[in-house]
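A.B. asks: this one's sequence-less:
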């Protein structure tokens, strides 16, 4: 500890603390224009000058000055004030003369500091002018004329976001911040995350959404959780005149001040004119407006007649990974207790069913084992089947940053994704060969004696049997199956096994296969063999896709488990539920999403209730889905827009979006966080919770407490992992489950000391090829996925003009060799056909993909990838094989849809 | 530059600096020396970024920060007019203006452009803040050699001699 004196008060801080950090810690504000929390002091703007008694110069910048024993510092003296004022005056001298009546001054830190130091006009000097304004980015403007060259954007982009877009171009009075070479932001590698805009202290980088110029008119800032993916970034919604006018990143535990382009800028959907504002019912074939009473009565009537005709199992529901825990809890309660069926599932079936099944079997818990923050501790990271930069952008950034700080990164993916550029070993494996690769990694580890014998002996079972099986899976054999170099497999094995703290990160590239569960389990085997579990930074981390897909699973929106993953087949679990619900749920597991679709097609489902999902774009083999939905007698869709699916419904219930409701989301690291209402739902739309509580009441099963906090309390009584949580306790940064009691701090790391199931289980698994293999007619492998700029079926992002500019059209990515054989060039129309259908879309020719593989993002309804995909299922988890099917590529006839 | 030449090609230069801290400056310097027109083309900078794994923005930043690096093709002969205080009071502005107007750039403004190069790539004329040779003011450097007590007539005759290809 070091003791020094700040403004006459003694202060003790740890060695290495700067004066700025010490002062901020003690609640003494020192103004700065260039400092970035968490990065090294920069000393660029000189505004943080403080007086240092007895020093050679008499003063120093607080951000770079380390505290020393006996140092005497004053921030509040006349001299310090005058010094700061003089520095500000010099900065202002280069600033445009209109600074003090600039329309953006309410949001400008320079203006604020100038005013606080008694400066009221721009001193005549050398005004920076004549720099061209870069307006090319759809979301923000770069105006170098208002730049004070503090470097915050340059450092934020390089050191926090790791995109390296900006630089100080040129020198002297010609220097400016730009991508260089005269390039516009639109032509640069900028991903529009807006971190630079949030960092900029002036109007040099300003958002176009009006939140900046109108910042002084922002009525309220509402801290909530982003609804775009499972990372669970915290953000502040800016509300003005009853509308959300923008968003700013907050220092949440998972995002630490970062957001991606969607969370930061894509909020036009909230108050969009296309929103559903009144209930709709089908009358004479058309959807017409109705009252809530009429719509809900019709739902209840149809439900009753279906149950009379087909029994309770004639009804089925698709819950929503977009909605809150409270809503999903009530939804499954509606089906289990209100109707008496376990036919409730949701889109987790299509993304991580194999994770839930696989990890539950090997470790006892199908969730991310570690916290996102632990990326900062790791010295080795294996990313496989996850294009993290585009699908979980903030986690992608954090992995990139770890790689740059020295963590050794291994990437295994058929596409040369952004993270591959940062990787020490990149394994471009053929889609559908994951299990072969993971077994080979394990084989190499055993061969070289790198396994953690102690961990295996103390904490696992089934090792011998597994080891015997995996020893024959040599890297050389896998090299042939996967199409990668055996030496690279061995290098990767050594890096992973030899690390002190190594984490595995994976997503749908692993799970969406007929061998999905096998893929998950073989990754789990790998982690068990190396003892990389249950310790800080060591774990296996499925990255969950949607904002609350983790929560929807946790609260029981799955056909085989009640809230808290308690098996419906377990009499004790059913009795516990009955004690809270007043009615016991059935003991037979219900149907999964894919089975519900098939059952509907064959007439076994008479009533289908879909909350916040759009299976007509998101599910495999759409042609089949359309037939199934049409075959259902009564279809209820509860959504915020009239989606492709809602257009087929008999009743459409207008719901609230994330900005219009109070509740909780559980992010991919099992962190339950509070979602807060910023604006009311449009028109007569209602919160999903309110709609569901109403329906339960109409079915004679009213929840004891209809408020969000009340429903959460009921959830906490049924899901053991949530038992110690309450809305009050979540007010801070949220809590990670399991949190069994009100005094429990939550669990950042699973399986520490003991696995949820007791011992970690090794499961021997042999690689088997995907359901559909390439042949002469369909010679290429089609793999589907997502991109950074769109979300799911675009019902939200499709309403954001800027995103449409950046990525508004469907495309297929293919290798130049494949493009040559198909006879198309970059930008031309490509026709893709599988055994199920054909689509036409623009060809994007890239060397970043294997020559035998074609990639299509599934977002775009106008060329829906899921027309092509097959419905072959993983036998254990029933997840469809969305990542592999055989496809033919040829020149398109028509124009690519635009 | 012959890009296939293992000694002067970019690949060779980058390889020679591989793994050395602060290599970028050296690579840029050699790449410029190896270039026929003594400059770093956009293409060369992009390739260097690619080969070294350095962000393009950082390469551009370094290349534009040091006045030593040229981002446009240079003339065969470099004429550097000192614009320090001593040289200024002894008439260096007139020297600059005379050179500019004789070489076809009568509108050249030193506060707008750092230099100009004649269309035939024979001369590049630029200014420098001070050579530190104030006692000899005004001074002009021609291909690295400093000429003292320069006057217009002498400067023009040097230009003429250089144009004829006869080095003094």
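C.D. replies: Nice, I can see it. Small disclaimer: the values here were computed from a predicted structure and weren't measured.

A.B. asks: Which helix or which strand is home to the spatially most central residue of chain A?
C.D. replies: Centroid check for chain A by Cα atoms, centre = their mean gives residue A:229 as the closest residue, at 3.0 Å. Secondary-structure element containing residue A:229, defined by DSSP states H and E: none, the residue being outside all helices and strands.

A.B. asks: same thing with residue B:108?
C.D. replies: For residue B:108, there is no enclosing helix or strand under DSSP H and E.

A.B. asks: Nearest spatial neighbour of it, chain-adjacent residues omitted?
C.D. replies: Ranked by Cβ to Cβ, 6 or more residues apart in numbering or on different chains and with sequence neighbours excluded, the top spatial neighbour of residue B:108 is residue B:100, at 4.1 Å. In this view, the C-beta of every residue, glycine as well, is placed from N, C-alpha and C.

A.B. asks: For the chain, give me the ranges with low pLDDT.
C.D. replies: Assuming you mean chain A. A:103, A:105-106, A:125, A:210-216, A:894-898 (pLDDT under 70).

A.B. asks: was after chain B, sorry
C.D. replies: Counting by pLDDT under 70, the low-confidence segments of chain B come to B:1-8, B:166-168.

A.B. asks: farthest residue from the center of it?
C.D. replies: For chain B, the largest distance from the centre (Cα atoms, centre = their mean) belongs to residue B:19, which lies 28.7 Å off.

A.B. asks: How is it assigned, secondary-structure-wise?
C.D. replies: Following DSSP: H, G, I helix; E, B strand; the rest coil, we place residue B:19 in the coil state.

A.B. asks: ok, residue A:528 - contacts?
C.D. replies: Applying Cβ atoms under 8 Å, 6 or more residues apart in numbering or on different chains, we find residue A:528 in contact with A:362, A:455-456, A:459-460, A:760, A:762.

A.B. asks: Okay, and it sits in which element?
C.D. replies: Taking DSSP H and E as the criterion, residue A:528 maps to helix A:516-529.

A.B. asks: any idea which helix or strand comes after that helix?
C.D. replies: strand A:539-542.

A.B. asks: Provide the strand pairings for that following strand, with the direction of each partner.
C.D. replies: If you go by DSSP bridges, strand A:539-542 pairs up with strand A:502-506 (parallel).

A.B. asks: which residues in the stretch 351-500 of chain A form helices?
C.D. replies: Counting by DSSP state H, counting those that start in this stretch, one finds helices in the stretch 351-500 of chain A at the ranges A:353-362, A:388-391, A:393-405, A:434-447, A:453-459, A:463-470, A:475-482, A:486-498.

A.B. asks: Which parts of chain A belong to which domain?
C.D. replies: Following automatic domain parsing, one finds the domains of chain A at A:2-93, A:97-217, A:311-351+A:548-718, A:369-542, A:780-891.

A.B. asks: May I see the ones you listed arranged in JSON lines, with distance to residue B:109 as well?
C.D. replies: Output for those, formatted as JSON lines (distance: least, Cβ to Cβ, whole Å):
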{"stretch": "domain A:2-93", "distance to residue B:109": "23"}
{"stretch": "domain A:97-217", "distance to residue B:109": "13"}
{"stretch": "domain A:311-351+A:548-718", "distance to residue B:109": "54"}
{"stretch": "domain A:369-542", "distance to residue B:109": "43"}
{"stretch": "domain A:780-891", "distance to residue B:109": "39"}
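
A.B. asks: Quick one: closest of these to residue B:155.
C.D. replies: Comparing the domains of chain A against residue B:155 with Cβ to Cβ, the closest turns out to be domain A:97-217 (26.4 Å).

A.B. asks: tell me how far that closest one is from the chain's mean position?
C.D. replies: In terms of Cα atoms, centre = their mean, to the nearest Å, the centre of domain A:97-217 is set 28 Å apart from its chain centre.

A.B. asks: near chain B, which residues of chain A show up?
C.D. replies: A:158, A:164-171, A:179-181, A:188-189 (Cβ under 8 Å from any Cβ of the partner chain).

A.B. asks: Redo the residues you listed as a markdown table? Include neighbour count.
C.D. replies: Formatted as a markdown table, these follow (neighbours: other Cβ atoms under 10 Å in any protein chain shown):
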| residue | neighbour count |
| --- | --- |
| A:158 | 19 |
| A:164 | 20 |
| A:165 | 25 |
| A:166 | 29 |
| A:167 | 27 |
| A:168 | 20 |
| A:169 | 22 |
| A:170 | 18 |
| A:171 | 13 |
| A:179 | 24 |
| A:180 | 25 |
| A:181 | 19 |
| A:188 | 22 |
| A:189 | 15 |
